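> Take a look and give me a structure for this.
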Amino acid sequence: MYINKSNIKRRRFSQRRIIQMERWLNKVAVVTGASSGIGAATAKDLVHAGLNVVGLARRVDRVEELKQQLPADKRQYLTAIKCDVADVESVNEAFKQIVTKFGGIDVLVNNAGRIVGGQLCTMDVAEVQRTLQTNVMGVIHCTQHAFKSMKERNMNGHIFIINSIAGHNVENVATAKFASRTIHGECPSQLLNGDITSYDMEKGYTRHCMSDANDSGIVVELGTICLINHIKILLWDRDNRAYSYFIEVSANQIQWDRIIDYSQYHCRSWQFLYFQARPVRYIKLVGTHNTVNKVFHVVSLEAMHIMNIPRVVEGIVAPTSNVATIEMGAVVVDGVSRTRNALLNGNYVDYDWDSGYTCHQLGSGEILVRLAQPYYVGSMRLLLWDCDDRTYSFYIETSTNQKDWTMVIDKRDEQARSWQNFTFTARPVVFIRIVGTRNTANEIFHCVHLECPSEDPNSLSIENEKRLAEDKEQLKPNEAEGV
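Coordinates of the predicted model:
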């Protein structure tokens, strides 16, 4: 009689997972600052995970609005209670209501927080005092109530403190130290082992075969539900191939949210991905395209929560510093130089007649740069070779797929030399094509250095002013609950 041991192991694993999930079904989770931001997202995900959630907030009407956004059969599992965590009497009354209605607290998420801007020497002392009451004393009061409830009922519960300085020490939670593991994908042990150097054609990566249905993938299970807003992955990059992919996350492997969709872009090497903070237990990577074959290869994955994430426009990072660098995974695909990637190595001082630049023959070539991932940019800076008084004419095009090109800079009718700074309508960019059309000295177009976006101080100032104007329309003054 033949017994398939692998199937038995899978069944046992599935049974353990079901038991773990069932442990928290109908348990009571309290989320402070549940009216917006991280608090609202946490409350929503905990409801979908099967818990009875109590959302505490000063603006209780917003929690009620969140409740209406839930599926009809889930709304009964979210209860809104008015509470100002800076007021000890308000906290006492709120937790008294919770114990009376639900019998106790099994999970507490200390999320409510307050942000006040200003200089220490001139800030209103009353504002500072209220911030301390909210961010410090509020955490203490709520934690004491939750711990008392758990201890009285001998409940092995959880208390999460989001509103703290712990975020300054960013730690990757997708490691064996945090009991994380890869549960789907070939060669699963390779993905989270921390080795990002000794990989080659045969080893050092986790992979999955791609299909038109996108029904396979690589799945990482974190040791517990973690609040994350940043994922880094290293795509196999020992040649010039590119990948397309998307990433979904879940707290329970039932409801999946797509946080990154680069299925229409060409990506390579390190991927620096940012999104709105959310509770995550499972991370699924699905490759949709490989320019060489039908396999998706990932060398490393890291997951963490950081204090400040860059601006993200329609799922694409809008960087404020140059991403056309070797460190950020950019490469020169076409162009001639004595040193590979001389255009991107950051050295725009040590160049002469023989080295330090990238070039192409006029009328029959181009300089083509590929960024590691799509970036939302609206500026560039270029240093043309300027060891004499020659001038150049040229144009620059961008693309996300190396097929459809848009001209963003047109200097074909101008005489340009040395540093060139450009701004244009911001857009997603993966490929940058620089084409010289004239050189007053010879038939070669020479370029020393490229920045995307521009790091010219004047250009950065203009970009910052634009972003501040946009942010003012979205941010509330003085304080934000649930941040």
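
> Parallel or antiparallel, list what pairs with the host helix or strand of residue 222.
Using DSSP states H and E, residue 222 falls within strand 218-235. When pairing is defined by DSSP bridges, strand 218-235 lines up against strand 181-184 (antiparallel), strand 270-290 (antiparallel), strand 295-304 (antiparallel).

> Flag every buried residue along it.
Residues 218-222, 225-235 are the ones in strand 218-235 that count as buried (16 or more other C-beta atoms under 10 Å). All C-beta spots, glycine's among them, are computed from the backbone N, C-alpha and C.

> nearest to residue 256, of these?
Nearest to residue 256 among these, counting by C-beta to C-beta, is residue 219 at 10.3 Å.

> So that closest one sits against residue 185, correct?
Yes - with contacts counted by C-beta atoms under 8 Å, residue 219 reaches residue 185, the gap being 6.9 Å.

> Could you report the separation of the most centrally placed residue in the chain from residue 135?
Against the mean C-alpha coordinate of the chain, by C-alpha atoms, centre = their mean, the closest residue is residue 274 at 1.3 Å. Residue 274 is 24 Å from residue 135, where distance means C-beta to C-beta, to the nearest Å.

> Equivalent analysis for residue 381, please.
In terms of C-beta to C-beta, residue 381 sits 41 Å off from residue 135.

> State the number of residues packed around residue 198.
Applying other C-beta atoms under 10 Å, we find 8 residues neighbouring residue 198.

> Likewise for residue 399?
Other residues close to residue 399 by other C-beta under 10 Å number 18.

> Next one: the closest residue to it other than its chain neighbours, what pLDDT does it get?
Once flanking residues are discounted, residue 399 sits nearest to residue 431: 4.3 Å by C-beta to C-beta, 6 or more residues apart in numbering. Note on residue 431: pLDDT of 98.

> which secondary structure element contains residue 431?
Element membership of residue 431, judged by DSSP H and E, is strand 419-439.

> Can you list the buried residues in that strand?
For strand 419-439, a neighbour-count test (16+ other C-beta under 10 Å) marks 420, 422-423, 426-436, 438-439 as buried.

> How far off centre is stretch 91-102?
How far stretch 91-102 lies from its chain's middle: 37 Å, per C-alpha atoms, centre = their mean, to the nearest Å.

> for stretch 228-246, same thing?
In terms of C-alpha atoms, centre = their mean, the centre of stretch 228-246 is found 13 Å from the chain centre.

> Just the terminal-to-terminal distance for that stretch.
Stretch 228-246 stretches 17 Å from its first residue to its last (C-alpha to C-alpha, to the nearest Å).

> Same question for stretch 72-80.
Stretch 72-80: ends 16 Å apart by C-alpha to C-alpha.

> What separation is there between the residue nearest to the residue nearest to the centre of the chain when sequence neighbours are not counted and residue 323?
Once flanking residues are discounted, residue 274 sits nearest to residue 309: 4.3 Å by C-beta to C-beta, 6+ apart. Distance, residue 309 to residue 323, using C-beta to C-beta: 15 Å.

> Let me see the contact set for the spatially closest residue to residue 444 that is not a sequence neighbour.
Nearest residue to residue 444, sequence neighbours excluded (C-beta to C-beta, 6+ apart): residue 359, at 5.1 Å. Residue 359 sits next to 335, 336, 337, 367, 385, 444, 445, 446, 447 when contact means C-beta atoms under 8 Å, 6 or more residues apart in numbering.

> Just the buried residues from those, in PyMOL please.
The following PyMOL command selects only the buried members of the contacts of residue 359, with burial defined by 16+ other C-beta under 10 Å:
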select buried, resi 335+337+367+385+444+445+446+447
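
> so who does residue 373 touch?
Contacts of residue 373 by C-beta under 8 Å, 6+ apart are 262, 265, 267, 268, 271, 272, 273, 317, 329, 430.

> Export those as JSON lines, with columns for distance to residue 24.
As requested, those are arranged in JSON lines below (distance: C-beta to C-beta, whole Å):
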{"residue": "262", "distance to residue 24": "33"}
{"residue": "265", "distance to residue 24": "37"}
{"residue": "267", "distance to residue 24": "36"}
{"residue": "268", "distance to residue 24": "40"}
{"residue": "271", "distance to residue 24": "32"}
{"residue": "272", "distance to residue 24": "33"}
{"residue": "273", "distance to residue 24": "28"}
{"residue": "317", "distance to residue 24": "34"}
{"residue": "329", "distance to residue 24": "40"}
{"residue": "430", "distance to residue 24": "42"}
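
> show me where pLDDT drops low in this structure?
1-22, 117-120, 163-169, 459-483 (pLDDT under 70).

> And it, what are its domain boundaries?
Using the TED database, the domain parsing of the chain gives 24-163, 176-309, 326-456.

> Same list, those, but as JSON lines with distance to residue 170 please.
Shown next, in JSON lines, are the domains of the chain (distance: least, C-beta to C-beta, whole Å):
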{"stretch": "domain 24-163", "distance to residue 170": "14"}
{"stretch": "domain 176-309", "distance to residue 170": "5"}
{"stretch": "domain 326-456", "distance to residue 170": "18"}
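
> Distance-wise, check residue 284 relative to residue 434.
Per C-beta to C-beta, residue 284 is found 38 Å from residue 434.

> hang on, I meant residue 208
For residue 208 relative to residue 434 (C-beta to C-beta), the value is 36 Å.

> ditto for residue 184
42 Å.

> go on, residue 355?
Relative to residue 434, and taking C-beta to C-beta, residue 355 is found at 19 Å.

> now residue 76
With C-beta to C-beta as the criterion, residue 76 and residue 434 are 60 Å apart.

> Verify the contact between residue 86 and residue 130 for me.
Yes - look at residue 86 against residue 130 with C-beta under 8 Å: they come within range, at 5.9 Å.

> Now do the contacts for the closest residue to residue 362 other than its chain neighbours.
Counting by C-beta to C-beta, 6+ apart, residue 362 lies nearest to residue 443, which is 4.8 Å off, once chain neighbours are set aside. Neighbouring residues of residue 443 by C-beta under 8 Å, 6+ apart: 361, 362, 363.

> No more questions from me, cheers.
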